[in-house]
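S.K.: Sharing a sequence plus its predicted fold:
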Amino acid sequence: MPDDARSTTDFIEQLRESTDDELQERRAQIQESLQNLRFRTASGQIDDPKRIRKYRKAIARINTILRERELGINQGR
């Protein structure tokens, strides 16, 4: 879960309210942040290594929502 949401539920609600373009843009931003975190981890500059896992999960959640929309699943929510 990226840093701007209070909880996972809030984050998922934010994602579901976003358009496909916004989701793709957000995914790109998170992927860029993840890459930066990986570089910082390799150099020993990161304080919270759990953030890498949170970012990977956020990317997976975005991909899941995009795929659901593509297949027409969960349109009633």
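M.R.: Ah, there it is.

S.K.: For the rest of this, base every contact and every neighbour count on C-alpha atoms.
M.R.: Noted.

S.K.: Could you verify my assumption that residue 15 touches residue 23?
M.R.: Yes. Here residue 15 reaches residue 23: they are 6.9 Å apart, a contact under CA atoms under 8 Å.

S.K.: how much space between the residue most central in space within the chain and residue 9?
M.R.: Computing the C-alpha centroid of the chain and ranking residues by CA atoms, centre = their mean puts residue 58 first, at 2.6 Å. The gap separating residue 58 from residue 9 is 12 Å, by CA to CA, to the nearest Å.

S.K.: I'd like the average pLDDT over the one helix or strand the residue nearest to the centre of the chain maps to.
M.R.: Secondary structure assignment for residue 58, by DSSP states H and E: helix 50-71. For helix 50-71, mean pLDDT is 94.

S.K.: Just the C-alpha atoms of it, please, in CSV.
M.R.: Presented in CSV, the C-alpha positions along helix 50-71 are these (Å, rounded to 0.1, in the frame of the first residue of the first chain):
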residue,chain,number,x,y,z
LYS,A,50,8.8,-3.9,4.3
ARG,A,51,7.9,-1.0,1.9
ILE,A,52,9.2,-3.1,-1.0
ARG,A,53,6.6,-5.8,-0.2
LYS,A,54,3.9,-3.1,0.2
TYR,A,55,4.7,-1.6,-3.2
ARG,A,56,4.7,-5.0,-4.9
LYS,A,57,1.3,-5.8,-3.4
ALA,A,58,0.0,-2.4,-4.6
ILE,A,59,1.1,-3.1,-8.1
ALA,A,60,-0.6,-6.5,-8.0
ARG,A,61,-3.8,-5.0,-6.7
ILE,A,62,-3.8,-2.4,-9.5
ASN,A,63,-3.2,-5.2,-12.1
THR,A,64,-6.1,-7.2,-10.5
ILE,A,65,-8.5,-4.3,-10.8
LEU,A,66,-7.5,-3.6,-14.4
ARG,A,67,-8.0,-7.2,-15.3
GLU,A,68,-11.4,-7.4,-13.5
ARG,A,69,-12.5,-4.4,-15.6
GLU,A,70,-11.2,-6.0,-18.8
LEU,A,71,-13.2,-9.2,-18.0
